[in-house]
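S.K.: Any chance you can model this:
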Amino acid sequence: MASQTAPHKPRRIARIQFFAVSILSIAGIINYIDRGSLAIANTTIRADLGISATRMGFLLSVFSLSYAISQLPMGILLDRIGERVVLGAGMFLWSVTQAATGLVRGFASFFAARIGLAAGEAPFVVSAVKSVNDWFNVRDRATPMGIVNSATTLGQAIAPPILTVTMLAFGWRGMFMLIGIPGVLLSIAWYAFYRDRKHVSLDAAEQAYLQSSREGSRSSAITFSQWTGLFRLRTVWGMMLGFGGVNYTVWLYMSWMPNYLEAVHHVSVSATGVIAVIPFACGAVGMMLSGILADFLVRHGVPPIRTHRTLLVIGMTCSALCTLLVPYISGATGAAFGIGMALFFTYLAGNSGWGLVQSIAPAEIVASVATIQNFGSFIFASFAPVITGWLLDRTHSFHLTLVICAMVSILGALSYLLIVKEPIQISEPRPLVADSY
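M.R.: From the prediction side, this is the model:
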């Protein structure tokens, strides 16, 4: 149970926290603007390059599948090297690849560009989890994670109008080139000014604040045998399956929602760019509320693991019910609000998915557990776009796709309810030699 006494926060720690959350939030906005670009240009690119809905589904899915596979080395890299180098390199790679997408000439080169984008974006979310875990007390972690995660959802919300206007003004190729520039600049700022916790010399008060929530935790590097051992744990598999329900829902709406509004409700491309703001704005509110609510419960004595599991189960169940109602809502704006409620509850759950990682895993393996969770969840998510495209070519309807999405979300909730129960334990790690300056 969390302590009722709030630990004193030294001024330098507060400055580090502000800088980290600010840069991570800006990166989250850029990340999801970049990630959502193909969905916005979906119809235009299909017409320009002669790509079918099924092949477009593969382009959308190869990102999530490549992203999932790229997660596996990221955890151990982050736990060993740190987020300054790994995230800085990742931001630079995804931004350069995004700009290069404007030069593709066909399906094969587009396929390769999507893989590069996925590999570059792979460290972002887990770097945020590790940074917050390293620089915040356990009582304060859910809110900064909510801020960063809501920034990613804000990126999804503002992406449609920004990308639509840019695409209409410069074409879809010019759009890809222009939106790659901000990430390059941000990667330079992150590497220049951020420092990993293990590379910062802390005074007694700073150590007291940061370690007051880490009783019994040691600064140690995870070994390869310990990392592979995580795949044998029931709790880890439950988290992969459970978070799969979150990411399947997010990736379905993120990749196909603009096309859904255009095909089902006959909305123009320009109008879609405005209406599509609604669902992800609702998601951003859910993400922020999740962090505030979780920190409130933990500060009032509810164990962190129970807090996050409860929000996950409730959020995913409510999201599934909202998804089932979407096909029956008339009007594009009404449908957008229906999808918005599904995303509100999905993101309410999703933020606690990361909070659960921080609560259930020892501090020295947080990044490894987070990336394994993300790996499993994006394996599930990679099926959403391609199944949708395949069904759309054959049924010319999104109805069955939404039913499948609701079922996956319910199964995810059941996984958190029935499988994820025990804290993660690891064997004796070897000591970590850290340089301080």
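S.K.: Return the distance of Ala189 relative to Met145.
M.R.: 21 Å (C-beta to C-beta, to the nearest Å). In this view, the C-beta of every residue, glycine as well, is placed from N, C-alpha and C.
S.K.: Tell me where the longest helix sits in this structure.
M.R.: In the chain, with assignment by DSSP state H, the single longest helix is helix 142-179.
S.K.: buried stuff in it?
M.R.: Buried residues in helix 142-179, defined by neighbour count with 16 or more other C-beta atoms under 10 Å: 142-164, 166-167, 172-173, 175-179.
S.K.: Helix or strand next in line after the helix or strand where Ile387 lies, which one?
M.R.: Ile387 belongs to helix 383-395 when elements are defined using DSSP states H and E. Later in the chain than helix 383-395, the nearest helix or strand by DSSP H and E is helix 399-418.
S.K.: And what about the residue nearest in space to the middle of the chain, helix, strand or coil?
M.R.: With distances taken as C-alpha atoms, centre = their mean, Val125 lies nearest the centre of the chain, 5.4 Å away. The three-state assignment at Val125 reads helix, by DSSP: H, G, I helix; E, B strand; the rest coil.
S.K.: And the pLDDT at the residue lying closest to it once chain neighbours are set aside?
M.R.: Using C-beta to C-beta, 6 or more residues apart in numbering and skipping residues adjacent in sequence, the residue nearest Val125 is Asn374, 6.5 Å away. pLDDT for Asn374: 85.
S.K.: so what's Asn374 up against?
M.R.: Listed by C-beta atoms under 8 Å, 6 or more residues apart in numbering, the contact set of Asn374 reads 67-68, 71, 125-126, 243, 247.
S.K.: Using TSV, lay out those together with distance to Lys421, secondary structure and pLDDT.
M.R.: Below are those laid out as TSV (distance: C-beta to C-beta, whole Å; DSSP: H, G, I helix; E, B strand; the rest coil; pLDDT from 0 to 100):
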residue	distance to Lys421	secondary structure	pLDDT
Tyr67	28	helix	85
Ala68	25	helix	84
Gln71	24	helix	83
Val125	24	helix	85
Val126	23	helix	84
Phe243	16	helix	94
Asn247	22	helix	90
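S.K.: Can you tell me which of these has the most neighbours?
M.R.: Highest neighbour count within the contacts of Asn374, by other C-beta atoms under 10 Å: Phe243, with 31 neighbours.
S.K.: List the contacts of that one.
M.R.: Contacts of Phe243 by C-beta under 8 Å, 6+ apart are 350, 353, 373-374, 376-377, 412.
S.K.: what angle do the one helix or strand Ala367 maps to and helix 399-418 make?
M.R.: In the assignment (DSSP H and E), Ala367 maps to helix 366-381. Calculated by axes from the mean of the first three to the mean of the last three C-alpha atoms, to 10 degrees, helix 366-381 forms an angle of 150 degrees with helix 399-418.
S.K.: can you give me the offset of helix 366-381 from its chain's centre?
M.R.: 10 Å (C-alpha atoms, centre = their mean, to the nearest Å).
S.K.: same question, stretch 26-43
M.R.: The answer for stretch 26-43 is 13 Å, by C-alpha atoms, centre = their mean.
S.K.: I figured the residue nearest to the centre of the chain hits Trp354, correct?
M.R.: Yes. In this structure, Val125 is within contact of Trp354 by C-beta atoms under 8 Å, at 7.4 Å.
S.K.: Ramachandran angles for Ser52?
M.R.: The phi/psi pair for Ser52 (degrees, to the nearest 10) reads phi -70, psi 170.
S.K.: For Asp393, see how far away it is.
M.R.: 6 Å.
S.K.: again with Asp134
M.R.: Distance from Asp134 to Asp393, by C-beta to C-beta: 47 Å.
S.K.: Settle it for me: which of the two has more neighbours?
M.R.: Legend: neighbour count by other C-beta under 10 Å for Asp134 and Asp393, higher for Asp134 (19 against 14).
S.K.: name the helices or strands packed onto the helix or strand that contains that one?
M.R.: Take DSSP H and E as the rule and Asp134 turns out to sit in helix 124-135. Where contact means 3 or more C-beta pairs under 8 Å, 6 or more residues apart in numbering; DSSP states H and E, helix 124-135 is packed against helix 11-35, helix 53-80, helix 83-100, helix 142-179, helix 332-360, helix 366-381.
S.K.: Of all the ones you listed, which one is nearest Ile292?
M.R.: Nearest to Ile292 among the helices and strands packed on helix 124-135 is helix 142-179; the distance by C-beta to C-beta comes to 6.0 Å.
S.K.: The helix or strand that the closest one is followed by: how far from the chain's middle?
M.R.: Counting by DSSP H and E, the element after helix 142-179 in chain order, helix or strand, is helix 181-193. Relative to its chain's centre, helix 181-193 lies at 20 Å (C-alpha atoms, centre = their mean).
S.K.: How about stretch 192-206?
M.R.: 26 Å.
S.K.: Low-confidence bits of the stretch 1-150 of the chain, can you list those?
M.R.: Counting by pLDDT under 70, the stretch 1-150 of the chain contains low-confidence residues at 1-7.
S.K.: Oops, could you answer that again for the stretch 201-350 of the chain instead?
M.R.: 212-221, 269, 273.
S.K.: can you give me the offset of stretch 386-397 from its chain's centre?
M.R.: 26 Å.
S.K.: Go through that stretch and flag the buried ones.
M.R.: So for stretch 386-397, counting by 16+ other C-beta under 10 Å, buried means 386-392.
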